[in-house]
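J.: The following comprises the amino acid sequence and a computationally predicted model.
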Amino acid sequence: MRMLNRVMTFLMLAIGCCANASADDLNSGDTAWLLTSTALVLFMTLPGLALFYGGLVRSKNALSVLMQCFTVGCLMSMAWLIVGYGLAFGDGGDLQRFIGLGNIMLSEVSRDAVHGTIPKSVFVMFQMTFAVITPALIVGAFVERMRFSAVLLFSLFWLLAVYAPVCHWVWGGGWLGDMGLLDFAGGTVVHVNAGVAAIVAAMVLGKRKGFPTTPMPPHNMTLTVTGASMLWVGWFGFNAGSAGAANSDAGMTMLVTHISAAAGSLAWIAVERIKHGKASVLGVVTGMVAGLGTITPASGYVGPTGALIIGLSAGVVCYFATQVIKRSLKIDDSLDVFPVHGVGGALGTLLAGIFAAENLGGIGYADGVTMGHQVGIQAIGVLATVIWCGALTFVLLKIVALIVPLRVSDEVETQGLDLSEHDERGYIL
């Protein structure tokens, strides 16, 4: 009887512990940091990316770019709510390696649900900001010539058909994550994805009138630098927030993110100085974005020395990539999305496989994994993303073209999209 009482007491305690597990698992510090990180990532898009891109276009199109970034943010949020989160992080059953299912309208996200040590609602919102900024990045490839309705349709289709599956492969329990791909905050999911989509869109839409013979300088570098500064600050939420907790991993991630951004800026303007005799303001902010995009997949796995080398590599490699795309291939990726984000994301994903090595200051590899093996996994991740994104982006653009024209007319392009698409002006002077 005494033994039976002990067993019953143990069972009652176990049931009580299970019932209170959600509340016990919550960590207020982790929750506060993820709430802050979520706000920082959204700050990157609205207003950071919007101002960065808005200053880079001609004045007659400035408002249209702000409108596109803002509205894409709204539309992607709705898509994430309805079905996007379920596709990316849902339980796919027999299809789990490739896609998630269910969770329509966040039906499984209750007020008390927990993800690790934070409320599940916070995790959903944090990941939503990634789903917002990735299609917004692609906007830079087709500014000044794509119809507003086409932008929205393409962004919606792309999120569901391209972003959500790749996100699931890497972070949602899919095949790339199972393989051991190191992508801490979005080298493949965000940057390679956005970069490849950008260059495909630029080629499908064709060049702006006058490209590349007519100069099309940024109309307001003050706006661009302001937006770039917001991107730099917001990126700490992007990378360090991906640690999922307020801990030493988040601290090191923040440190290496900053180091890479600064190194990327300096490397870019150093190359400019050597090649052209002067360092430009556009160069220093573009180098910063290259450094940030390139460190993103590696940020949780490398140390300060690795971050320095990654940032310097980003500034140099992405600079020459912009020259090849625009001057040699004459592809009008208007705001250099592919050479900065696509090339940078791929470079950072590959270098994560090298500088994650413990003897190079990284966190080390999984048991039995060598540097060569890890770099091979990283290359598979990049290649799979490039193929999936490139093919699906091309198909989606053709589908959208059957619904609405992709490009504005030559007359509208000459007039500018501010007036033609929105009947408003960015400036009244």
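T.: Thanks, I have it.
J.: buried residues in stretch 303-310?
T.: Going by neighbour count (16 or more other C-beta atoms under 10 Å), the buried part of stretch 303-310 is 303, 306, 307, 308, 309, 310. Using the backbone N, CA and C atoms, a C-beta is placed for each residue, glycine as well.
J.: do the same with stretch 385-404
T.: Along stretch 385-404, these residues count as buried under the neighbour rule (16+ other C-beta under 10 Å): 385, 386, 388, 389, 392, 393, 396, 397, 400, 401.
J.: Between the buried residues of stretch 303-310, which sits nearest residue 192?
T.: Relative to residue 192, the closest of the buried residues of stretch 303-310 is residue 310; by C-beta to C-beta it sits at 15.4 Å.
J.: Make sure the closest one is actually in contact with residue 355.
T.: Yes: with contact defined as C-beta atoms under 8 Å, residue 310 counts as touching residue 355 (6.7 Å).
J.: Find residues that contact each of the two.
T.: Between them, residue 310 and residue 355 have 298, 302 as joint contacts when contacts are counted by C-beta atoms under 8 Å, 6 or more residues apart in numbering.
J.: Downstream of the longest helix along the chain, the next helix or strand is which one?
T.: Ranked by residue count and defined by DSSP state H, the top helix of the chain is helix 371-403. Past helix 371-403, heading to the C-terminal end, the next element that is a helix or strand (DSSP states H and E) is helix 410-415.
J.: Same question for that next one: list its buried residues.
T.: Residues of helix 410-415 classed as buried: residue 413 (neighbour count, 16+ other C-beta under 10 Å).
J.: Distance from that helix to the middle of the chain?
T.: In terms of C-alpha atoms, centre = their mean, to the nearest Å, the gap separating the centre of helix 410-415 from the centre of its chain is 31 Å.
J.: And stretch 61-77, by the same measure?
T.: The chain centroid and the centroid of stretch 61-77 are separated by 16 Å, computed with C-alpha atoms, centre = their mean.
J.: got the contact list for that stretch?
T.: Looking at what lies outside stretch 61-77 - C-beta under 8 Å, 6+ apart - the contacts are 42, 45-46, 49-51, 53-55, 57, 84, 128, 131-132, 135-136, 139, 143-144, 148, 151-152, 155-156, 159, 219-220, 223, 416-418, 421-422, 424-427.
J.: about what we covered before: what is the mean pLDDT for the longest helix of the chain?
T.: What helix 371-403 shows for mean pLDDT is 98.
J.: Can you spell out which helices and strands pack onto it?
T.: Using 3 or more C-beta pairs under 8 Å, 6 or more residues apart in numbering; DSSP states H and E as the contact definition, the elements that helix 371-403 packs against are helix 148-158, helix 164-171, helix 175-179, helix 193-205, helix 343-355.
J.: okay, the angle between it and helix 193-205?
T.: Angular relation of helix 371-403 and helix 193-205 on a 0 to 180 degree scale: 40 degrees, by axes from the mean of the first three to the mean of the last three C-alpha atoms, to 10 degrees.
J.: so helix 371-403 versus helix 164-171, what angle?
T.: Put simply, helix 371-403 runs at 170 degrees to helix 164-171, going by the same axes, to 10 degrees.
J.: So which elements touch whatever helix or strand residue 318 lives in?
T.: In the assignment (DSSP H and E), residue 318 maps to helix 304-323. Identification of packing neighbours for helix 304-323 by 3+ C-beta pairs under 8 Å, 6+ apart yields helix 248-276, helix 281-295, helix 343-355.
J.: Can you say which of the ones you listed is nearest to residue 228?
T.: Taking C-beta to C-beta as the measure, the helices and strands packed on helix 304-323 were each checked against residue 228, and helix 281-295 came out nearest at 3.8 Å.
J.: With that, I have no additional questions.
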